[in-house]
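A.B. asks: got a sequence here, can you build the structure:
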Amino acid sequence: MTTKSFCEPFLSQLRCDLRGTLPGRTAQERMAPRPRLGSQLADQASSAARQGGVLVLLYSHAGQIFLPLIRRPDYPGVHGGQIGLPGGGYDLADSDLIATALRETSEEIGVHASQPQVLGLLTPIYVTASNYLVQPAVAWIEARPEFQPDPYEVAELIEAPLGTLLDPAAQQVECWSVRDQSIEVPYFAVAQHKVWGATAMMLSELLALPAMAAVRGADGCAGRV
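C.D. replies: Got it, this is the predicted structure:
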């Protein structure tokens, strides 16, 4: 199967999935820490919550589908050193939160906002630690972009194969002590990294979409086309 012959029906199904009824909270909760650090989800965010947008940027490379994740630099703050999707806070110059996600992706990893083809939106999620209501957008680029990470914003760019995220062996759980609380933390093991928290919850919803069934079965190897 060629990449093109696989990707066209995959993208068509993915667009359809994103326009329909989303898996939402049920899928997000599969990768939520237990007990959750703060009980609020998107529909429980306060009116004082800030708005943000992140981008799930899918692209084809070397016969597989990937998406970029970033490791934040170590800094004082709730997200220092963590793995996340490119994105950030809404700016008054942004037309909407999709524009926020595209702008931040351009600033953080050098993918110009005009390059991605936006396919649709996932369910917003409220991040209690930073008081952000985050809107994930899903986009596609035909081939691997020429990434140019901003060293101030990005300590490391991680190109995660979609097949790895879909592999049940990559979905693991550990007991952690977070903010003086003992919790069970589901995470995606990607190379030497642990992708957890709101990022893992957003990815969990993406992976629950019907389009992903085709990726799992492509040529008998998840994510390879």
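A.B. asks: any regions of the protein where pLDDT drops low?
C.D. replies: Along the chain, the parts satisfying pLDDT under 70 run over 1-6, 36-45, 75-80, 217-225.
A.B. asks: what's the longest helix in it?
C.D. replies: In the chain, with assignment by DSSP state H, the single longest helix is helix 3-19.
A.B. asks: flag every buried residue along it.
C.D. replies: In terms of neighbour count (16 or more other C-beta atoms under 10 Å), helix 3-19 has its buried residues at 3, 6-7, 10-11, 13-15, 17-18. For every residue, glycine as well, the C-beta is placed using N, CA and C.
A.B. asks: equivalent analysis for stretch 62-76, please.
C.D. replies: 64-72.
A.B. asks: give me the secondary structure label for residue 57.
C.D. replies: strand (DSSP: H, G, I helix; E, B strand; the rest coil).
A.B. asks: how much space between it and residue 164?
C.D. replies: Noted for residue 57: a distance of 16 Å to residue 164, by C-beta to C-beta, to the nearest Å.
A.B. asks: same question, residue 68
C.D. replies: Counting by C-beta to C-beta, the gap from residue 68 to residue 164 is 13 Å.
A.B. asks: go on, residue 27?
C.D. replies: For residue 27 relative to residue 164 (C-beta to C-beta), the value is 18 Å.
A.B. asks: which one's more surrounded, those two?
C.D. replies: residue 27 (20 against 17; other C-beta atoms under 10 Å).
A.B. asks: isn't there a helix covering that one?
C.D. replies: Yes - assessed with three-state DSSP, residue 27 lies in a helix.
A.B. asks: is it true that it touches residue 210?
C.D. replies: No - taking contacts as C-beta atoms under 8 Å, residue 27 lies outside contact range of residue 210: 11.9 Å.
A.B. asks: just the element for residue 98, please.
C.D. replies: Assessed by DSSP states H and E, residue 98 sits inside helix 97-109.
A.B. asks: touching that helix from outside, list them.
C.D. replies: 51-55, 57, 68, 70, 86-91, 94, 111-113, 116, 118, 121, 135-137, 139, 145, 147-150, 153-154, 157 (C-beta atoms under 8 Å, 6 or more residues apart in numbering).
A.B. asks: again, but for stretch 147-161
C.D. replies: 61, 64-74, 81, 83, 107-111, 144, 188, 190-191, 193, 195, 223.
A.B. asks: now do 6 Å
C.D. replies: 64, 66-71, 73, 108-110, 190, 223 (C-beta atoms under 6 Å, 6 or more residues apart in numbering).
A.B. asks: buried set for that stretch?
C.D. replies: Buried, per 16+ other C-beta under 10 Å, within stretch 147-161: 149, 154, 157-158, 160-161.
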